[in-house]
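K.L.:
Fold the following and give me the result.
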Amino acid sequence: MSTYVEWDALGNILLWGLIVGAGLPALFAIGVRIAEGPGARDEDGRISTGRKVLSGLCFGIAALTVLGAVAYIAAGGH
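P.N.:
Take a look at the predicted model:
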């Protein structure tokens with residue numbers, strides 16, 4: 001049976017599928033939760049600078065990952 005299955009390739013697909021397929025949306029959701037979750041705003045209705053920076057970091061990582069993947073595919077790296 002192992003002659004028909006490339007276990008290294010299967011593990012690689014599983015790993016990247018979990019990272020990109022579950023990790024990236026989770027990172028984006030964490031950014032949303034930080035920016036607009038319970039307790040995000042103070043008495044004046046403003047979001048603290050730390051929360052803005054942290055949520056921006058989450059959104060930036062997600063955006064750079066998507067743009068990097070598009071560039072990789074467009075360059076023929078499939």
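
K.L.:
Going by C-alpha atoms from here, please, whenever you check contacts or count neighbours.
P.N.:
OK.

K.L.:
I'd like to know which elements the lowest-mean-pLDDT helix or strand in the chain is packed against.
P.N.:
Every helix and strand of the chain was ranked by mean pLDDT, DSSP states H and E. The lowest is helix 7-18, at a mean of 91. Here helix 7-18 touches no other helix or strand, going by 3 or more CA pairs under 8 Å, 6 or more residues apart in numbering; DSSP states H and E.

K.L.:
Specify the local secondary structure of the residue nearest to the spatial centre of the chain.
P.N.:
Geometric centre of the chain, nearest residue: residue 24, 2.2 Å, by CA atoms, centre = their mean. Secondary structure, DSSP: H, G, I helix; E, B strand; the rest coil: residue 24 is helix.

K.L.:
my guess is it contacts residue 63, does it?
P.N.:
No: look at residue 24 against residue 63 with CA atoms under 8 Å: they stay out of range, at 9.4 Å.

K.L.:
isn't there a helix covering residue 70?
P.N.:
Yes: judged by three-state DSSP, residue 70 forms part of a helix.

K.L.:
residues near it, how many?
P.N.:
The number of residues packed near residue 70 is 12, by other CA atoms under 10 Å.

K.L.:
mind checking how far it is from residue 49?
P.N.:
Counting by CA to CA, to the nearest Å, the gap from residue 70 to residue 49 is 31 Å.
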